[in-house]
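Engineer: need a 3D model of the following:
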Amino acid sequence: MDTSQITSVHLMKGVPDVIVVGGGPCGSVSAMHLAKHGADVTVFEEHGQIGLPSHCAGHVSISGLNRLRLFPLPAKIIESTFRGATFHSPGGGTFSVRFSSPVTCSVNRALFDTYIAEMATAAGATYELESRVGSLLIKDKFVKGVVVRKKGGTESVPAKIVVDAEGVSSRLVKQLGLRTLDRCALLNAVEAEVEGVRNVDPDMVEVFLGKEYAPGFYAWLMPKGNGNAKIGLAARSGNPKELLQRFMFKHRAASDKLRMAKIVQIAFHPVTLGGPIQAAYSNGFLVVGDAASHVKPTTGGGVILGMTCAEIAAQVGVESLRGDDSSASFLSLYQKRCKQVLGFDMNIMLRTRRMLDAMSDRKIGELISLCTTLGLDKTLLNVKDIDFQGKSLLHILGSPRTLSLLGYLFFLYLTANP
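Structural biologist: Numbers count the residues shown, from 1 in each chain. Just a heads-up that it's a prediction; the model follows:
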């Protein structure tokens with residue numbers, strides 16, 4: 001079934017059990033698991049096609065997809081697979097980690113999102129496209145549904161639970177007066193499809209560090225084959241489009257690969273790095289994905305962690321429906337379970353992000369050089385999971401190379417120059 005076959009006709013069977021706001025992967029994963037357990041689920045998506053417009057590079061871990069029982073994906077969805085990454089320091093040094101088999105892949109986000117939506121539809125969820133949720137219906141301090149704007153007008157749709165998967169805008173979270181994601185940790189990102197790329201290793205993602213080109217984060221390059229690639233960056237300051245042009249044509253390592261490249265598609269989007277919001281639940285209400293800031297503070301990747309928590313939201317939603325209890329007290333189980341799964345790793349990643357933000361380009365260069373000198377690539381080959389980075393660190397903590405690096409990181413942290 002292709003995207004055009006995902007119906008925008010709402011088959012009213014009485015009051016839906018659950019309304020999901022947003023048809024991205026997190027919203028669709030929640031819808032799929034709710035529907036699998038017999039819930040009557042309606043997904044409202046404001047755009048006319050699932051997955052478009054795309055605002056994400058689509059770089060995901062294969063282990064994460066396996067854990068979510070989504071791998072292998074249909075071949076048409078996967079653009080490239082990667083065995084590792086090369087990190088470029090601001091001063092020109094490099095450090096590479098190459099695994100014996102692919103560990104990540106680049107997916108076509110439109111096809112990937114559609115694939116998850118199709119699975120949700122097959123499970124029994126109903127999708128309504130070109131339907132923008134403008135606000136929540138609230139009665140006696142409980143969310144009781146949504147107000148939806150469609151081509152034909154505005155409609156109030158009741159529900160027992162609303163799952164908010166609307167993204168970083170967090171409009172519905174604000175309406176409830178909940179604390180939204182940390183705006184100070186929100187970066188502006190740009191992602192582009194380019195052709196005419198040269199001198200790239202098709203098996204490796206490339207990461208470029210340095211405040212001159214991506215202040216507060218990094219730039220990236222993901223080969224797609226045949227001279228095509230995805231490139232992008234995120235930054236705390238500056239114009240992302242101007243920074244991308246500077247990166248393509250002036251960065252000493254990137255310009256060798258990109259100076260002849262042509263941008264064929266470009267998109268801009270925010271990235272949240274501040275860690276999960278304080279409360280992703282209220283009476284009759286759950287928040288998933290970017291709106292809940294279920295995003296890795298280290299890399300900005302949110303697809304796997306977001307879908308992981310979206311599945312937890314569905315589990316709690318099913319229990320809520322069976323017990324006829326949609327109170328905040330009961331739905332707080334969602335927050336507790338997410339914290340059990342993500343809490344330790346999020347804490348480590350937040351501390352790592354703060355440390356990296358505090359380091360000067362010179363010290364980042366020293367860090368890259370130390371990784372190479374220590375031969376840390378050999379230790380990192382033992383890492384089995386790049387999504388839960390705190391647990392991965394524990395796994396390699398006994399290595400002398402890791403202990404040496406951690407000691408140096410602590411020194412850099414204490415002496416960092418912003």
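
Engineer: residue contacts, the nearest residue to Cys26 once chain neighbours are set aside?
Structural biologist: Using C-beta to C-beta, 6 or more residues apart in numbering and skipping residues adjacent in sequence, the residue nearest Cys26 is Gly289, 3.3 Å away. Using the backbone N, CA and C atoms, a C-beta is placed for each residue, glycine as well. Taking C-beta atoms under 8 Å, 6 or more residues apart in numbering, we find Gly289 in contact with 22, 24-27, 165, 167, 302, 306, 309-310.

Engineer: equivalent analysis for Arg132, please.
Structural biologist: 44, 46, 148-150.

Engineer: mind doing that once more with 7 Å?
Structural biologist: Residues in contact with Arg132 (C-beta atoms under 7 Å, 6 or more residues apart in numbering) are 46, 148-149.

Engineer: and if you look at Thr308?
Structural biologist: 68, 341.

Engineer: pLDDT value on it, please?
Structural biologist: Note on Thr308: pLDDT of 97.

Engineer: how far away is it from Lys141?
Structural biologist: Using C-beta to C-beta, to the nearest Å, Thr308 is found at 29 Å from Lys141.

Engineer: likewise Gly51?
Structural biologist: Taking C-beta to C-beta, one finds Gly51 at 35 Å from Lys141.

Engineer: the two - which one has more neighbours?
Structural biologist: Gly51 (24 against 11; other C-beta atoms under 10 Å).

Engineer: which residues touch that one?
Structural biologist: 109-111, 113-114.

Engineer: if I look at it, how far off is Thr114?
Structural biologist: As defined by C-beta to C-beta, Gly51 lies at a distance of 5 Å from Thr114.

Engineer: cool, Ala313 as well?
Structural biologist: Distance from Ala313 to Thr114, by C-beta to C-beta: 21 Å.

Engineer: more neighbours: which of those two?
Structural biologist: Higher neighbour count among Ala313 and Thr114: Ala313, with 33 against 24, using other C-beta under 10 Å.

Engineer: so that one is in contact with Ala31, correct?
Structural biologist: No. Ala313 lies out of contact with Ala31 (C-beta atoms under 7 Å); the separation is 10.3 Å.

Engineer: the longest helix seen in the chain packs against which elements?
Structural biologist: Assignment by DSSP state H gives helix 328-358 as the longest helix of the chain. For helix 328-358, the contact count by 3 or more C-beta pairs under 7 Å, 6 or more residues apart in numbering; DSSP states H and E identifies strand 281-282, helix 303-323, helix 389-395, helix 400-415 as packing neighbours.

Engineer: just checking, what packs against the helix or strand just after that helix?
Structural biologist: Next in sequence after helix 328-358, counting helices and strands by DSSP states H and E, comes helix 361-374. Helix 361-374 sits against strand 94-98, helix 400-415, with contacts defined as 3+ C-beta pairs under 7 Å, 6+ apart.

Engineer: what stretches of the stretch 101-250 of the chain score poorly on pLDDT?
Structural biologist: With pLDDT under 70 as the threshold, the stretch 101-250 of the chain has no low-confidence stretch at all.

Engineer: helices of that one, residue ranges please.
Structural biologist: For the stretch 101-250 of the chain, the helices defined by DSSP state H, counting those that start in this stretch cover 109-123, 171-175, 240-250.

Engineer: now the ones you listed as TSV including distance to Leu186?
Structural biologist: TSV is the format used below for the helices of the stretch 101-250 of the chain (distance: least, C-beta to C-beta, whole Å):
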stretch	distance to Leu186
helix 109-123	20
helix 171-175	14
helix 240-250	13
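
Engineer: what's the most buried one of those?
Structural biologist: helix 109-123 (a mean of 22; mean count of other C-beta atoms under 10 Å).

Engineer: identify all contacting residues around that one.
Structural biologist: For helix 109-123, the external contacting residues (C-beta under 7 Å, 6+ apart) are 1, 3, 6, 23-25, 28-29, 31-32, 35-36, 50-52, 54, 56, 58, 73-74, 76-77, 127.

Engineer: of those residues, which belong to helices?
Structural biologist: Among the contacts of helix 109-123, the residues falling in helices (DSSP H) are 25, 28-29, 31-32, 35-36.

Engineer: ok, of those, which come out buried?
Structural biologist: 25, 28-29, 31-32, 35-36 (16 or more other C-beta atoms under 10 Å).

Engineer: pick the one among those residues closest to Gly216.
Structural biologist: Pro25 (26.0 Å; C-beta to C-beta).

Engineer: and the closest one, how far is that from Leu305?
Structural biologist: 11 Å.

Engineer: please tell me the pLDDT value assigned to the nearest residue to Gly64 once chain neighbours are set aside.
Structural biologist: Leaving aside its sequence neighbours, Gly64 sits nearest to Ile304 (C-beta to C-beta, 6+ apart; 3.4 Å). Here the pLDDT value assigned to Ile304 is 96.

Engineer: number of nearby residues for Ile304?
Structural biologist: For Ile304, using other C-beta under 10 Å, the count is 23.

Engineer: and what of Arg149?
Structural biologist: For Arg149, using other C-beta under 10 Å, the count is 16.

Engineer: quick check: bridge partners of it?
Structural biologist: Beta bridges link Arg149 to Arg132, Thr154, judged by DSSP bridges.

Engineer: surely it meets Gly134?
Structural biologist: Yes. At 5.2 Å, Arg149 counts as touching Gly134 under the criterion of C-beta under 7 Å.

Engineer: from Val143, how far out is the residue nearest to the spatial centre of the chain?
Structural biologist: With distances taken as C-alpha atoms, centre = their mean, Gly302 lies nearest the centre of the chain, 1.7 Å away. Gly302 sits 24 Å away from Val143, going by C-beta to C-beta.

Engineer: so where's the stretch 301-418 of the chain uncertain?
Structural biologist: For the stretch 301-418 of the chain, the ranges with pLDDT under 70 are 393-418.

Engineer: please redo it, this time with the cut-off set to 50
Structural biologist: Scanning the stretch 301-418 of the chain for pLDDT under 50 picks out the ranges 412-418.

Engineer: quick check: beta-bridge partners of Pro270?
Structural biologist: Asn188.

Engineer: check contacts around it.
Structural biologist: Pro270 touches 168, 186-189, counting by C-beta under 7 Å, 6+ apart.

Engineer: now the residues you listed as a markdown table including neighbour count and distance to Gly216?
Structural biologist: As requested, those are arranged in a markdown table below (neighbours: other C-beta atoms under 10 Å; distance: C-beta to C-beta, whole Å):
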| residue | neighbour count | distance to Gly216 |
| --- | --- | --- |
| Val168 | 19 | 17 |
| Leu186 | 17 | 11 |
| Leu187 | 20 | 6 |
| Asn188 | 20 | 10 |
| Ala189 | 22 | 11 |
